[in-house]
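[1] Structure of the sequence below:
(2 chains)
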Amino acid sequence: MSPTASRRKATEPATPEQRIEVRKTYKLYIGGAFSRSESGRTYKIHAAGRSGRFLANAAMGSRKDARDAVVAARDAFERWAMATAYNRGQVLYRVAELMEGRRGQFATEVAAAEGLTPARADKVVSAAIDRWVWYAGWSDKIAQVLGGVNPVAGPYFNISAPEPTGVVAALAPQCSSLLGLICVLAPIVVSGNTEVILTSEHRPLPAVTLSEVLATSDVPAGVINLITGRTAEVAPWLAAHQDVNAVDLAGAADADGLAWADLERAGADNLKRVLRPAGDGADAVEPDWSPVPDLTRIKAYLETKTIWHPKGG
Amino acid sequence: MSSPSATARARELLGVGALTNASMTRWLNGLPGVDQVGADARAAGLGTRSIKTTSKAWAIDTAIGMIDLTTLEGADTESRVRSLCAKAMAPDPGDPTTPQVAAVCIYSDLVPVAVDALRGSNIHVAAVTTAFPAGRATMAVKLTDTRDAVRAGAHEIDMVIDRAAFLSGRYLQVFNEIAAIKAACAQDDANGAANGAAARLKVILETGELATYDNVRRASWLAMLAGADFIKTSTGKLSPAATLPVTLIMLEAVRDWRDLTGTQIGVKPAGGIRTAKDAMTYLVMVNEIAGDDWVDPHWFRFGASSLLNDLLLQRQKLANGRYCGADYVTID
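    The predicted structure follows:
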């Protein structure tokens, strides 16, 4: 406490208006722990719109933070992928419950980040939580819908079953700070992948709050890792990372100084699955996230295992 | 049973007419005590050095060349040893500029397999003997174990000391055992030791069981006095295995031993060194404590298995500028 503040406290009781604001400096979420960027850097987050008021400091993640996050995601993969679909669904549904408990905080942050009215922000938070529940519900239905028994000319069953591809790196949408984030994040983990999310560069606070939700949920450490920072700085390292199996370029739309085609090219070197951003050619656009989606984003991170099994005895 | 030369030299160094347990105890207890806090702080300080770009590339290749690639499992099969040897000769088959490791370290009964698999290469075969890892066997068994390995062509012998004897203060017994194994390494019978030279003897102190840093220093001096060519921290079967402060104390010991006797002794930390960063920290320490004479595979080794893969991943990262993954190195 500054000398001025302590003197004031001694002479006159501070009224609520005079209270010194607690200014927050958020951290990254890697391997279930909140860590500062190894680079030690932070950057200021401002509200959208004309006011542009200071909201908080966020950690400016570096390529080494991305590297550590991939290691954490890889370590968490086997256990998460081997968990039963039923269990994964329960764990993810529990996240929706916790988000509901933080509804007010999410609404405030979304309103500030996206420049929405409180009523509109509240609707967005509802939509985001509902979308999370929607994806969580898919966990034990993916195999029935996307897998199947194939007809073969012989006394065999031929069965195709979807399996998670591994570690997925995703660029979260730049504009839709919560609904868009969840539309990108949830379909990756629901099938058993683990992920490294590079949050919206200028609107990361709802994602930071989501990491606080995840830390108190049952999602195992390392399954979801969130990195805040400059998209154009970190994304190329994730796209080229040899231990990343798929990359979602949704956030390449409207990212400063980033051409998504370069990321796709970098990803091609180890045959990553690449989910392109919406839009034609170089003009990536961020889609409207509000309509109920189809299974495209779930399917993008699945491999198909096909096995033969003899019929009868 | 001890070799005359070791005993004679020990008598001279100790300034006694006959080696007794009492004289040896007096000499070892006369070594200065280790400042535990100071050793920990010095080791931690050396671990903060940042090594980048060309220095990092050099350190990675140097570390690869210092590895004793190790497999010491009850389930070691002949084919496992052969695949380990193949990896030792070409750690990264995709990049022929990758240096070879220094040696492969295996159980003594698998020495013939490794010798066969490594024929034509400069990679040494190191065998653990003397009832590794516990060292609980009679002297006759330990000697036979060692002679068998040397006869089969092992270039290096990794022996364990009898920690029970050491901790009970029976230093002369430990001395005699090391000296006897040393003599067994030098044996030259019909088949002869490999290359006609004596096998180099690495003495494993198993520092995790020695309880104090003072004991580590005493065990190091005792092993060198008895004729060790290398002093090695651990079996790798026990945690803690190699730690930075323990290695630091051993490096000080070999440095001071050379000042005293003119003989250079090697150091081998083993167990628990898994990342390239760890390895580089050790290299910094070797250079700072012992001096650059020791930055050489002949005088410093890493006993490791998973370390090699991490070094290869870092090497690939430096070569192609992107982070690499475990899918691009062999599983072993």
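[2] Which residue ranges of the chain form strands?
    You didn't pick a chain, so chain A it is. A:28-30, A:33-35, A:42-46, A:54-59, A:148-150, A:156-164, A:167-171, A:194-198, A:224-227, A:246-248, A:273-275, A:278-280, A:283-285, A:302-310 (DSSP state E).
[3] my bad, the chain I had in mind was chain B
    Here chain B has its strands, by DSSP E, at B:67-70, B:103-107, B:124-128, B:156-160, B:200-204, B:230-232, B:266-268, B:302-304.
[4] re earlier: as a markdown table, the strands of chain A with mean neighbour count and distance to chain B would be great.
    Every residue, glycine included, has its C-beta placed from N, CA and C. Formatted as a markdown table, the strands of chain A follow (neighbours: other C-beta atoms under 10 Å in any protein chain shown; distance: least, C-beta to the nearest C-beta, whole Å):
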| stretch | mean neighbour count | distance to chain B |
| --- | --- | --- |
| strand A:28-30 | 27 | 15 |
| strand A:33-35 | 14 | 17 |
| strand A:42-46 | 16 | 21 |
| strand A:54-59 | 20 | 20 |
| strand A:148-150 | 12 | 28 |
| strand A:156-164 | 16 | 15 |
| strand A:167-171 | 29 | 9 |
| strand A:194-198 | 29 | 12 |
| strand A:224-227 | 28 | 14 |
| strand A:246-248 | 25 | 13 |
| strand A:273-275 | 19 | 15 |
| strand A:278-280 | 11 | 27 |
| strand A:283-285 | 14 | 23 |
| strand A:302-310 | 12 | 14 |
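[5] Turn these into a markdown table, including mean pLDDT.
    Below are these laid out as a markdown table (pLDDT from 0 to 100):
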| stretch | mean pLDDT |
| --- | --- |
| strand A:28-30 | 98 |
| strand A:33-35 | 98 |
| strand A:42-46 | 97 |
| strand A:54-59 | 96 |
| strand A:148-150 | 94 |
| strand A:156-164 | 96 |
| strand A:167-171 | 98 |
| strand A:194-198 | 98 |
| strand A:224-227 | 98 |
| strand A:246-248 | 97 |
| strand A:273-275 | 95 |
| strand A:278-280 | 81 |
| strand A:283-285 | 86 |
| strand A:302-310 | 95 |
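[6] can you list these in a markdown table and add distance to B:Thr281?
    Putting the strands of chain A into a markdown table (distance: least, C-beta to C-beta, whole Å) gives the following:
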| stretch | distance to B:Thr281 |
| --- | --- |
| strand A:28-30 | 23 |
| strand A:33-35 | 21 |
| strand A:42-46 | 28 |
| strand A:54-59 | 26 |
| strand A:148-150 | 53 |
| strand A:156-164 | 36 |
| strand A:167-171 | 28 |
| strand A:194-198 | 27 |
| strand A:224-227 | 26 |
| strand A:246-248 | 33 |
| strand A:273-275 | 37 |
| strand A:278-280 | 47 |
| strand A:283-285 | 44 |
| strand A:302-310 | 39 |
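[7] burial measure for the closest residue to B:Glu156 other than its chain neighbours, as a count.
    Computed as C-beta to C-beta, 6 or more residues apart in numbering or on different chains, the closest residue to B:Glu156 that is not its neighbour in sequence is B:Ala126, at 3.9 Å. Per other C-beta atoms under 10 Å in any protein chain shown, the neighbour tally for B:Ala126 reads 31.
[8] List the residues that contact B:Ala126.
    Applying C-beta atoms under 8 Å, 6 or more residues apart in numbering or on different chains to B:Ala126 gives the contacts B:68, B:103-106, B:154-158, B:202.
[9] quick one: pLDDT of B:Asp327?
    We note a pLDDT of 89 for B:Asp327 in this prediction.
[10] who touches A:Ala73 in this structure?
    A:167, A:194-196, A:222-223, A:225.
[11] can we see that at 10 Å?
    A:30-31, A:80, A:166-169, A:193-197, A:222-225, A:243-244 (C-beta atoms under 10 Å, 6 or more residues apart in numbering or on different chains).
[12] for B:Gly120, same thing?
    Counting by C-beta under 10 Å, 6+ apart, B:Gly120 touches B:Met89.
[13] and what of A:Ala96?
    If a contact means C-beta under 10 Å, 6+ apart, then A:Ala96 has A:128-136, A:182, A:186, A:213, A:217 as its contacts.
[14] How much space separates it from A:Asn87?
    Using C-beta to C-beta, to the nearest Å, one obtains 16 Å as the distance from A:Ala96 to A:Asn87.
[15] Now do stretch B:281-290: distance from first to last residue.
    One end of stretch B:281-290 to the other measures 14 Å (C-alpha to C-alpha, to the nearest Å).
[16] Kindly report the same for stretch B:268-283.
    Terminal residues of stretch B:268-283 lie 12 Å apart, using C-alpha to C-alpha.
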